[in-house]
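[1] Turn this into a structure:
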Amino acid sequence: MTTITFSAEAIGERYAQLIRATIDLSDTYFYAGRLADAVQLPEQLLALMREGDASAIDETRLLLHYGKILGKMSFYREARFERANEVLAKAQKMARDIGDNYLRGKARLRLGQVADYQAIYSGKDDFQLALNHYERAYDLLAAAESAEGKGKAAFGKGLIYQRLGELDKARANFEEALEIAQKNDLKYDKSLAIRHIGFIHFAEGNLDKACAYAQESLALREEIGCQVLLASAHHVLGNISIAREEWADAIAHLQQADALAQEMNLKFIRIMALLSIGEWYKRQNDPAQARENFQLAREIAEESGHVTGRDAAVADLAELEGA
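    Numbering: from 1, shown residues only. This next block holds a predicted model:
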């Protein structure tokens, strides 16, 4: 009988290939709205790996991806922020030990995303930790000469400034992120930057420009086939259409957002869609249907522990009863 043995170097190369394939397939599952599968793939590979099977760099890359997907799962569906932070803290330590600015920057980027998600989820509106992570990520990724990473960090900073109401700073960062995405043909990132520039126009009352940006973002998301992002794109267009008093378009977009959110079990998007549908019915002088949607949004928010969504639904119901 012939015994086949592999060197540690050969095993490490096989794991490098497997890690790349796992990350690619996990991202594909995320695009398709299969969040549980997107989480399970890296989770299972990490459970399988023994110490030293993969290089420290490859293991760090896998941990960074796993933490990213855990963060998104926590935001959209079920809160697992503690686990996401635990995984990313380990990745950050490994990146420091390796001394790789790119990996260190990516760790800060992912920690910023999770901190942002947690602040939104909890309703505490404390975004300073997220901003600190994004600012450090920007510096590290710029030092690593990663245009894509620098663009993602600029976008992250823009998000926080937008949430803080500092719209000029938000716009500058979104425009930087958009320029980088356009130069590097990063359609996912481009769709995000365009969407949020549209939000700024919406906040400033420029509904025509807001609508144009939102439609362009939707078209990009359809092109890349990202179902998760399609749900939020329809929700935004529904809200803009309400503001423009384009009632048929508004309800069509909002119902599409709700249908996609139900199909993929995206609780956060579903809460937001139901609140907007309730607002649509309120504007149509149908308080019974408005109440039904607000109440359902509150129930889902309470079930998932989404404090911001719950508080918004409670406020909408109180306003409806006082009308």
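
[2] mind listing what the residue nearest to residue 120 when sequence neighbours are not counted touches?
    The shortest distance from residue 120 to any non-neighbouring residue, by C-beta to C-beta, 6 or more residues apart in numbering, is to residue 308 (5.9 Å). Any C-beta I mention is one placed from the backbone N, CA and C, and that applies to glycine too. Taking C-beta atoms under 8 Å, 6 or more residues apart in numbering as the criterion, residue 308 is in contact with 120-123, 301.

[3] what about the longest helix in this structure?
    The residue-count maximum for a helix in the chain (DSSP state H) belongs to helix 8-31.

[4] Tabulate the CA atom coordinates of it in PDB.
    Output of helix 8-31 as PDB, limited to C-alpha atoms (Å, rounded to 0.1, in the frame of the first residue of the first chain):
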ATOM      1  CA  ALA A   8       2.900  21.500   5.700                       C
ATOM      2  CA  GLU A   9       3.500  23.800   2.800                       C
ATOM      3  CA  ALA A  10       1.300  21.800   0.500                       C
ATOM      4  CA  ILE A  11      -1.500  21.700   3.100                       C
ATOM      5  CA  GLY A  12      -1.200  25.400   3.500                       C
ATOM      6  CA  GLU A  13      -1.500  26.000  -0.200                       C
ATOM      7  CA  ARG A  14      -4.600  23.700  -0.300                       C
ATOM      8  CA  TYR A  15      -6.100  25.700   2.500                       C
ATOM      9  CA  ALA A  16      -5.300  29.000   0.800                       C
ATOM     10  CA  GLN A  17      -7.300  27.800  -2.300                       C
ATOM     11  CA  LEU A  18     -10.100  26.600  -0.100                       C
ATOM     12  CA  ILE A  19     -10.300  29.800   1.900                       C
ATOM     13  CA  ARG A  20     -10.500  31.900  -1.400                       C
ATOM     14  CA  ALA A  21     -13.200  29.600  -2.700                       C
ATOM     15  CA  THR A  22     -15.100  29.700   0.600                       C
ATOM     16  CA  ILE A  23     -15.100  33.500   0.700                       C
ATOM     17  CA  ASP A  24     -16.300  33.800  -2.900                       C
ATOM     18  CA  LEU A  25     -19.100  31.300  -2.400                       C
ATOM     19  CA  SER A  26     -20.100  32.900   0.900                       C
ATOM     20  CA  ASP A  27     -20.300  36.300  -0.800                       C
ATOM     21  CA  THR A  28     -22.400  34.700  -3.500                       C
ATOM     22  CA  TYR A  29     -24.800  33.300  -0.900                       C
ATOM     23  CA  PHE A  30     -25.000  36.800   0.600                       C
ATOM     24  CA  TYR A  31     -25.900  38.400  -2.700                       C
END
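
[5] low-confidence ranges in the stretch 201-323 of the chain?
    323 (pLDDT under 70).

[6] Isn't residue 203 up against residue 167?
    Yes: with contact defined as C-beta atoms under 8 Å, residue 203 reaches residue 167; the gap is 6.3 Å.

[7] Comparing these two, which residue is more hemmed in?
    Neighbour totals were compared for residue 203 and residue 167, and residue 167 leads with 17 against 13 (other C-beta atoms under 10 Å).

[8] The host helix or strand of the residue nearest to residue 120: how far from the chain's middle?
    Applying DSSP states H and E as the criterion places residue 308 in helix 307-322. From the chain centre to the centre of helix 307-322 is a distance of 24 Å (C-alpha atoms, centre = their mean, to the nearest Å).

[9] what do you get for stretch 278-288?
    30 Å.

[10] for stretch 116-136, same thing?
    13 Å.

[11] Equivalent analysis for stretch 58-76, please.
    12 Å.

[12] so how far is residue 155 from residue 252?
    The gap separating residue 252 from residue 155 is 29 Å, by C-beta to C-beta, to the nearest Å.

[13] Look at the two and report which has more neighbours.
    Legend: neighbour count by other C-beta under 10 Å for residue 252 and residue 155, higher for residue 155 (22 against 15).

[14] Can you say which helix or strand has the closest residue to that one other than its chain neighbours in it?
    Leaving aside its sequence neighbours, residue 155 sits nearest to residue 177 (C-beta to C-beta, 6+ apart; 3.8 Å). Assigned by DSSP H and E, residue 177 belongs to helix 167-183.

[15] Who are the packing partners of the helix or strand following the longest helix of the chain?
    Using DSSP H and E, the helix or strand that follows helix 8-31 in sequence is helix 35-48. Helix 35-48 sits against helix 8-31, helix 56-76, with contacts defined as 3 or more C-beta pairs under 8 Å, 6 or more residues apart in numbering; DSSP states H and E.

[16] Least reliable of those by average pLDDT, please.
    Mean pLDDT per stretch puts helix 8-31 lowest among those, at a mean of 91.
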